[in-house]
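Undergrad: structure for this input, please:
(4 chains)
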Number of protein chains: 2
Amino acid sequence: MNWQELFPQFEPGLLGVIEKEAVQRSYSAGDIIMRTGQFIKSTALVLAGQIKIYRENPEGGEFLMYYLGPGQACAVSMICALQSQTSEIMAKAEEDTEVLMIPVQLMDDLMNKYKSWYHFVIQTYRSRFDELLSVIDNIAFRNMDERLEFYLKRYAEKMGKKNVDLSHQQIADDLNSSREVISRLLKKMEQRNLVKLHRNMIELL
Amino acid sequence: MNWQELFPQFEPGLLGVIEKEAVQRSYSAGDIIMRTGQFIKSTALVLAGQIKIYRENPEGGEFLMYYLGPGQACAVSMICALQSQTSEIMAKAEEDTEVLMIPVQLMDDLMNKYKSWYHFVIQTYRSRFDELLSVIDNIAFRNMDERLEFYLKRYAEKMGKKNVDLSHQQIADDLNSSREVISRLLKKMEQRNLVKLHRNMIELL
DNA sequence: TTACTGCTGTGATTTCTGTCACATTGTGAG
DNA sequence: CTCACAATGTGACAGAAATCACAGCAGTAA
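TA: Next up, the predicted model:
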């Protein structure tokens, strides 16, 4: 598939510039794409796969914020790039992933010349901001059982399948909880016929 | 004081346009400035006072995200305004507050014409995003005692004084906790000589 | 097959937080 | 001063979640 179909809103001139100046990169599932404190030299457009954006804390906890899929861009890298500042988050390839790296130097120029780029950037900020709000809602107002249900639904939606191919431990990490708690809650969900449990996989019903 | 001194980074032309087109508004402490689901017709620059940005949940909870003080702008209103979308947050005047309302229609124009405005907008996104990250850190990784300490420090810094003029109930609301818990934790902090408790006021040591 | 390793299930216990009930104290209105 | 009310202090209890301990189970490598 042509990558340009992922960004139908971009005007032809913009597509041309990106085609010419951007560099395509591949990551394997599990690769760390960006880490806390690292300087950002380019903005990433996701072409294929899924990138997991999460927060790391000193005591070893990881905490999932959201996923970036095809057609999406990393808002953090945009902001950081424009000010050559460091990122405060971690990004990891959740699946094998293709991204298009747009060098910082281009950003100002694209913003000025291409309305569609300008709107894309605004739209990206808006979406990520809203996702953070929804994360805050969940963690501030909901108990673990509701957070787990939300997590599973989001995962299935993002990955476009009914199976969640993760161990209980991985889920516990993403929710900053413990495996036992997740196992017990999943059992309860199974009793309510919401899921069917398998090894390394949870089937949503 | 001249409001323009609050935005030394703005170029003269920009200051002129804002002077001419923006409308100044006053709010009294406690006034709701923006509520969830409301359409945004303008972006607010804060001239004086403090605006509290918080999230409301169905079951009556409020949850503080951050404060906006003089020289700052509301990132949410910028994003929403540019897309004439509704806001997902609440804004309340924490003190008597003066703001400058910039109509949406101007935004695109300012972005194109004035580099200093463009950078201000980017900077605003960046700051608010970082504040949200710090909120998520606290709520995801910290217990209530640490969150309370963080809350008090931030309040004192923002308001520029060593006294926190709030009741335990108000603090509990901001942290989505209960008064009793906050009272007890404050007592412990007093025993550790971190604060001195008064009626409707907490003195930081 | 056997041995090993990583995933999952489950009980017992502890810690943190929220909730209820009620006492006490400070402050302002009359 | 007295009353009323809001703010605060505190004990008892309940529930959610974290932690510890350990038992089974599935897959893999030898």
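Undergrad: now residue A:21. Nearest residue, chain neighbours left out?
TA: Leaving aside its chain neighbours, residue A:21 sits nearest to residue A:106 (5.7 Å; criterion: CB to CB, 6 or more residues apart in numbering or on different chains). Just so you know, the C-beta spots here come from the backbone N, C-alpha and C atoms, and that holds for glycine as well.
Undergrad: ugh, typo on my part, it should be residue A:7
TA: Of all residues not flanking residue A:7 in the chain, residue A:71 sits nearest, at 6.5 Å (CB to CB, 6+ apart).
Undergrad: can you pull the contacts of that neighbour?
TA: With CB atoms under 8 Å, 6 or more residues apart in numbering or on different chains as the criterion, the residues that contact residue A:71 are A:6-7, A:46.
Undergrad: filter those residues down to the buried ones, ChimeraX style.
TA: Buried subset of the contacts of residue A:71, written as a ChimeraX selection, criterion 16 or more other CB atoms under 10 Å in any protein chain shown:
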select /A:6,7,46
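Undergrad: could you dump the contacts of residue A:71 into CSV with pLDDT, distance to DNA strand D and secondary structure added?
TA: Output for the contacts of residue A:71, formatted as CSV (pLDDT from 0 to 100; distance: CB to the nearest atom of the strand, whole Å; DSSP: H, G, I helix; E, B strand; the rest coil):
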residue, pLDDT, distance to DNA strand D, secondary structure
A:6, 94, 35, helix
A:7, 95, 40, coil
A:46, 96, 31, strand
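Undergrad: could you pull out the helices for chain A?
TA: For chain A, helices defined by DSSP state H occupy the ranges A:12-21, A:75-82, A:104-113, A:115-141, A:144-159, A:168-174, A:179-191.
Undergrad: what about the first one, distance to the chain center?
TA: The chain centroid and the centroid of helix A:12-21 are separated by 24 Å, computed with CA atoms, centre = their mean, to the nearest Å.
Undergrad: quick one: contacts for residue A:26?
TA: A:96-99.
Undergrad: if we go to 6 Å?
TA: Residue A:26 makes contact with residue A:98, according to CB atoms under 6 Å, 6 or more residues apart in numbering or on different chains.
Undergrad: at the geometric centre of chain A, which residue do we find?
TA: A centroid search over chain A (CA atoms, centre = their mean) returns residue A:67, at 2.1 Å, as the residue closest to the centre.
Undergrad: which pLDDT value goes with the closest residue to residue A:103 other than its chain neighbours?
TA: The shortest distance from residue A:103 to any non-neighbouring residue, by CB to CB, 6+ apart, is to residue A:42 (5.1 Å). Looking at residue A:42, its pLDDT reads 87.
Undergrad: list the contacts of residue A:42.
TA: Shown in contact with residue A:42 (CB under 6 Å, 6+ apart): A:101-103.
Undergrad: could you do residue A:53 as well?
TA: Applying CB under 6 Å, 6+ apart, the residues near residue A:53 are A:65-66, A:89, A:91.
Undergrad: which residue sits closest to it in space, ignoring its chain neighbours?
TA: Per CB to CB, 6+ apart, closest to residue A:53 is residue A:65, 4.9 Å.
Undergrad: now do the worst-scoring helix or strand of chain A on mean pLDDT against helix A:104-113, angle only.
TA: Using mean pLDDT, DSSP states H and E, the weakest-scoring helix or strand in chain A turns out to be helix A:75-82, at a mean of 77. Angle of helix A:75-82 versus helix A:104-113, following axes from the mean of the first three to the mean of the last three CA atoms, to 10 degrees, is 100 degrees.
Undergrad: give the other helices and strands that helix A:75-82 contacts.
TA: strand A:42-48, helix A:104-113, helix A:115-141, helix B:115-141 (3 or more CB pairs under 6 Å, 6 or more residues apart in numbering or on different chains; DSSP states H and E).
Undergrad: what angle do the first one and helix A:104-113 make?
TA: For strand A:42-48 against helix A:104-113, the angle between stretch directions is 80 degrees (the same axes, to 10 degrees).
Undergrad: mind listing what's buried in strand A:42-48?
TA: Within strand A:42-48, the residues that count as buried by 16+ other CB under 10 Å are A:42-48.
Undergrad: what stretches of chain A score poorly on pLDDT?
TA: A:1, A:81-84 (pLDDT under 70).
Undergrad: and it, which residues reach DNA strand C?
TA: With the criterion set to CB under 7 Å from any atom of the strand, chain A comes near DNA strand C through A:167-169, A:179-180, A:183-184, A:186-187, A:197, A:199-201.
Undergrad: can I get those in a markdown table with neighbour count and distance to residue B:28?
TA: Formatted as a markdown table, the residues of chain A next to DNA strand C follow (neighbours: other CB atoms under 10 Å in any protein chain shown; distance: CB to CB, whole Å):
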| residue | neighbour count | distance to residue B:28 |
| --- | --- | --- |
| A:167 | 14 | 54 |
| A:168 | 20 | 52 |
| A:169 | 12 | 52 |
| A:179 | 14 | 51 |
| A:180 | 10 | 51 |
| A:183 | 14 | 52 |
| A:184 | 14 | 50 |
| A:186 | 19 | 50 |
| A:187 | 12 | 53 |
| A:197 | 13 | 56 |
| A:199 | 5 | 61 |
| A:200 | 11 | 58 |
| A:201 | 12 | 57 |
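Undergrad: quick one: which two of those are the most distant?
TA: A:180 and A:201 (19.1 Å; CB to CB).
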